[in-house]
Every structure is written in C-alpha cells, then in structure tokens.
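Participant: With the input below, show me the fold.
(one chain, ligands or ions: 2)
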Amino acid sequence: MASENTVATNISSIKAFVEAINEHTTIPSNYYSFIDPRDGDEVDDTLAAFIPVIDYSLLTSMDSEMHAKGIQELGKACKEWGFFMVINHGISENLMESVLAATRQFFEMTDEEKQQFSDKGVLCPIRHGTSMNTKAEDVHFWRDYLKVFTHPQFCIPNVPAGFRETAFEYCKRVREVTGELYKGMSESLGLEANAIPNALGFGTDFQLLVANLYPPCPQPDAALGQPPHSDNGSLTFLIQNGIGGLQVHHKGKWVNVNPLSNSIMVNISDQLEIITNGIFKGVLHRAVLKNQVTRVSLAMVHGPSFDKLPELVKGGKQEFEGMNYKQYFLHHQGNKLVGKTNLDHARA
Ligand SMILES: O=C(O)CCC(=O)C(=O)O
Ligand SMILES: [Fe+2]
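Facilitator: Numbers count the residues shown, from 1 in each chain. Ligands and ions are numbered 1, 2, ... in the order given. Model prediction:
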C-alpha cells in the first residue's frame, strides 16, 4: 500500500502502478500538486455557459453574411478565451469514437509490447512515457502518454491493429479543419485568408498526436493529470472518451469544460499568440482527475513548419522574438512546464 510518506521512484507507467496496488488510499508524496486539496485554486462554473461555440459550417458557408458571422465569432473567441468548441466540423462521430478506442487499445497493450516505444527523447517520432517530463520536474503527474509525429511524416505504430489506419483518417480530417480555422482567423484580423497559413508554413506544418491516459486516482483532489500550461504549437484539437477533466483558465478562474456532444475542443497555443503579437491568447489549461474511471483524451497539436521562423502577421511593437518552431518545441518539451513561462523565453 502506498502511504503519504512514500516517494515513488522509477514509475514508468502510472497505469501499471495503479494496477499493481490493490488497496490504495494515498498517493506517493511526489505526486502531490496541492498541499491542501486544490489549494487556492478557484473553480467558477458559472463561466462554463459562456465558453465560445464556433459553428464550422458558418466559416465555410458561401453565404457572405453567414461567413462574416462565423469569422466575427471566431475572432472574438481567439481574443477573449483562446479556447472554443467547434461544432458542425464534418468529422464523423464514428471516426472520433474509433480513434479514441484505438488509442485506448494502445495503452491496454502489455508493458512488453509498449516497451519498444518508450520515450528516447523529444525528437523521437514515437514516444510512450509517463507524467510530463520526469527528468525535469519535482512533482509528477497522474498521466501516461503516447506522442507521435503525424505530419509531414506519418509515424503511427502498426500496433494495435487498425490504429494506424484510423489515426491516419482522423489526423487528415483534423488538419483540414485546422487549415480552414487558420484562414478564418486571418480574416478575423482583417488579413487575407492565407496570411496565417503562410506565416506558419502550412503544407509542411508539424502535427503531433498526443494521447493521454489518466487512470483512476485515489486522491483526485491532491494530484493533477497535467499542470497548468499552454501548448507549444499554434492550435490544439482535443477529444475525450466521454469523461471530463479539462479545465481552462479564464478571468483568473478555472472553468470545467463539458464539451457539447460531437464537438471538438480547440485551444489557441503559443505560436498563434507569438505571430499575432499577443492579440490571440494561448489559453492556460490543466487536466484534473477522477477516482473511479479511466479518462482518455486525444490532443492533436498543430504547429508551424519545423524549420520555419513563423512570421508576424500583426504589426506594432513586437512582443516576441523570432524563434524557429523546432527550437521552441525542444525548449517546451525539454523543460519543466510552469504555466505560460515557456512563452517568456520567446519574449522580446
Ligand atoms: O487531457 C486534457 O484534458 C488536456 C490535455 C492537454 O492539455 C495536452 O495534452 O496538452
Ligand atoms: Fe495542453
């Protein structure tokens, strides 16, 4: 039995750790994110009803009034929340469920089967591991992950059966929606539609699949699945297995996200904040835990082309220094994630 005084060392999978403990009442002390449960962290659910909903069919509409309405709503969401739910995106519920099921099956493979994918470094195209960055962090997180490069090269493993095919289709569809959102965002800033796609090198852009597994946690109020952070790319798409856990930070409060059925949660990330000179905000977010069920989420991170220096699309006093995305990615993934401090690294 784990006790409050236990410091867990060498946990290479929190899933395996949880399965090995039959009776557990406390978590290892180096998983405590909060001294007192959720110490000083106010959750305000009255804000949840105001989370922006973006109707994708408006953005792609041939009707100019409808299109303009979609653009206006998208721009507002990017500026005020840095987060929204997309509806009517045209990606079938069946595909979303299949890719989540295949992801879950990946984690359900034996430790021996997963061993070949164990994390060997940030630039490794397939890596399976636990927490966020076990080498750099003092506190660990109740999460196992699989991270795979999916564009320009598609590197999904051949196991479990069907994972590669389903993920290929999902990644392709999500990238199409990303391209349209980039165009809509450009227009919302009064720029021509291709301004953001061009600034990010869309075409040879980077796409990363991040699968997250959060096993049941005996003290869900003491630990976190992921700490408060912003994502390193430009736009992240998130779906989950029907179990909530994402919280976004808005106006100084945490807000639980309960996505509308068949919607995709989208967050603005650091690279869009950089190229818009801070007009769009990368949202601070974190993952909280449950004590009875396993949560699976699938984040598709979209970033600029790896070797391109993303270009500024909005003028004014430049808030950020140019840094190519590969450098930024290495910095973000190779260090401890503390809020949005990685963005400070790119500040002018
Ligand atoms: O699982 C979640 O709700 C959050 C995932 C996330 O923030 C990430 O993978 O970057
Ligand atoms: Fe994230």
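Participant: pretty sure residue 228 is in a strand, no?
Facilitator: Yes. Counting by DSSP: H, G, I helix; E, B strand; the rest coil, residue 228 is found in a strand.
Participant: Excluding chain neighbours, what is closest to it?
Facilitator: Spatial nearest neighbour of residue 228, excluding adjacent residues (Cβ to Cβ, 6 or more residues apart in numbering): residue 286 at 4.6 Å. From N, CA and C alone the C-beta is placed, and that goes for glycine too.
Participant: Dig out what whichever residue of the stretch 101-250 of the chain sits closest to ligand 1 forms beta bridges with.
Facilitator: When scored by Cβ to the nearest ligand atom, the stretch 101-250 of the chain has residue 246 as its residue closest to ligand 1, at 3.4 Å. Residue 246 has these beta-bridge partners by DSSP bridges: residue 287.
Participant: who touches the closest residue to residue 271 other than its chain neighbours in this structure?
Facilitator: Distances taken as Cβ to Cβ, 6+ apart place residue 234 nearest to residue 271, at 3.9 Å, with adjacent residues excluded. By Cβ atoms under 8 Å, 6 or more residues apart in numbering, the contact set of residue 234 is 182, 200, 268, 269, 270, 271, 272, 275, 302, 303, 304, 310.
Participant: again, only using 7 Å
Facilitator: With contacts defined as Cβ atoms under 7 Å, 6 or more residues apart in numbering, residue 234 is in contact with 200, 269, 271, 272, 302, 303, 304.
Participant: and those residues, which of them are in strands?
Facilitator: 302, 303, 304 (DSSP state E).
Participant: The first one contacts residue 208, doesn't it?
Facilitator: Read it as residue 302. No. If you go by Cβ atoms under 7 Å, residue 302 and residue 208 don't touch, sitting 8.1 Å apart.
Participant: who's more crowded, the two?
Facilitator: residue 302 (29 against 23; other Cβ atoms under 10 Å).
Participant: bridging residues for the more buried one?
Facilitator: Bridge pairing for residue 302 - DSSP bridges - gives residue 207, residue 235.
Participant: Please enumerate the helices of the stretch 151-300 of the chain.
Facilitator: 163-188, 195-200, 270-275 (DSSP state H, counting those that start in this stretch).
Participant: Around ligand 1, pick out the residues from the protein.
Facilitator: Counting by Cβ under 6 Å from any ligand atom, the positions of the chain adjacent to ligand 1 are 210, 212, 226, 231, 238, 245, 246, 285, 287, 297, 299.
Participant: switch the cut-off to 8 Å
Facilitator: 143, 145, 210, 212, 214, 225-226, 229, 231, 236, 238, 240, 245-246, 257, 265, 267, 285-287, 295, 297, 299, 301 (Cβ under 8 Å from any ligand atom).
Participant: Might you report the residue contacts of the most centrally placed residue in the chain?
Facilitator: Taking Cα atoms, centre = their mean, the centroid of the chain lies closest to residue 299, which sits 4.5 Å from it. By Cβ under 7 Å, 6+ apart, the residues touching residue 299 are 210, 212, 236, 238.
Participant: got it, and residue 211?
Facilitator: 103, 106, 145, 146, 298.
Participant: one more time with 10 Å, if that's ok
Facilitator: By Cβ atoms under 10 Å, 6 or more residues apart in numbering, residue 211 lies in contact with 99-100, 102-104, 106-107, 128, 144-148, 163, 167, 296-300.
Participant: circling back: which of the contacts of residue 299 has the largest number of neighbours?
Facilitator: Going by other Cβ under 10 Å, residue 236 tops those with 25 neighbours.
Participant: my guess is that one contacts residue 210, does it?
Facilitator: Yes. Applying Cβ atoms under 10 Å as the test, residue 236 and residue 210 come out as touching, 8.2 Å apart.
Participant: intersection of neighbour lists for the two?
Facilitator: 299, 300, 301.
Participant: For the first one, which non-adjacent residue is spatially closest?
Facilitator: By the measure of Cβ to Cβ, 6+ apart, the closest residue to residue 299 outside its immediate chain neighbours is residue 210, 4.2 Å from it.
Participant: residue contacts, that neighbour?
Facilitator: Neighbours of residue 210 in contact, by Cβ under 10 Å, 6+ apart: 145, 146, 147, 148, 231, 236, 238, 297, 298, 299, 300, 301.
Participant: Lowest-confidence entry in those residues?
Facilitator: Comparing pLDDT over the contacts of residue 210, residue 231 scores lowest. The value there is 95.
Participant: what about the residue nearest to residue 299, distance to residue 158?
Facilitator: With distances taken as Cβ to Cβ, to the nearest Å, residue 210 is found 19 Å from residue 158.
Participant: tell me the SS of residue 96?
Facilitator: Quick answer, by three-state DSSP: residue 96 is helix.
Participant: was I right about it contacting residue 102?
Facilitator: No. With contact defined as Cβ under 10 Å, residue 96 does not count as touching residue 102 (11.2 Å).
Participant: Spit out the residues that contact the two alike.
Facilitator: With Cβ under 10 Å, 6+ apart, residue 96 and residue 102 have common neighbours 170, 298.
Participant: which intervals of the stretch 1-150 of the chain have sub-threshold pLDDT?
Facilitator: Along the stretch 1-150 of the chain, the model assigns pLDDT under 70 to residues 1-5, 22-24, 35-40.
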